[in-house]
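> after the sequence you'll find the predicted model.
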Amino acid sequence: MNELPPDPPRLRAILGYLEKQLAEEETVMTYLRLQRDAVRDALTRAEAPPPRRSRIPKGGSGLGPMAQASPRPQFVVQQKRTPRGPEPAIIHLGDCTMIEGTPHRITEHDARVSLSDPNIEACAFCRPDTELGILD
């Protein structure tokens with residue numbers, strides 16, 4: 001590294017510049033991670049086999065007792081950025097009406113693991129932790 005100047009004003013200016021560069025790089029890295037996750041999700045959906053169409057028997061609804069059960073819940077993570085930095089992420093059920101911004105779908109396993117992190121919160125409205133059977 002080059003020789004640093006000995007006076008505090010120039011050292012403060014250099015430090016301020018370096019901290020600004022680090023903050024901008026962190027923002028770019030967060031954005032790139034979110035984009036990467038969105039591409040992975042799209043790739044998973046694109047590679048998934050198409051749903052099988054079954055023929056409905058004549059005179060019947062085609063809905064057996066298992067088909068009438070509700071589908072497994074989906075989970076999403078909401079991340080908010082503010083001028084002061086990112087806020088804790090919030091895990092929601094996929095159909096929650098309190099989601100703000102662009103949510104990112106996650107698996108049930110990822111939701112369960114995420115909710116064990118003290119920096120990630122469960123939505124107080126849709127209660128994904130209750131859906132997953134996680135008790136405090």
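That came through fine. Numbering: from 1, shown residues only.

> tell me the mean pLDDT for stretch 98-111?
Stretch 98-111 shows a mean pLDDT of 88.

> just give me the residue right at the centre of the protein.
residue 77 (3.2 Å; CA atoms, centre = their mean).

> element containing that residue?
Here residue 77 sits within strand 75-78, counting by DSSP states H and E.

> helix or strand right after that strand?
strand 81-82.

> tell me how far that next one lies from the chain's centre.
Strand 81-82 sits 15 Å away from the centroid of its parent chain (CA atoms, centre = their mean, to the nearest Å).

> stretch 95-103 too?
That offset, for stretch 95-103, works out to 11 Å (CA atoms, centre = their mean).

> quick check: end-to-end length of it?
11 Å (CA to CA, to the nearest Å).

> tell me what the longest helix along the chain is packed against?
When the chain is parsed with DSSP state H, its longest helix is helix 8-47. Packed against helix 8-47 by the contact rule (3 or more CB pairs under 8 Å, 6 or more residues apart in numbering; DSSP states H and E) you find strand 104-106. For the C-beta atoms, the positions are set from N, CA and C on the backbone; glycine is no exception.
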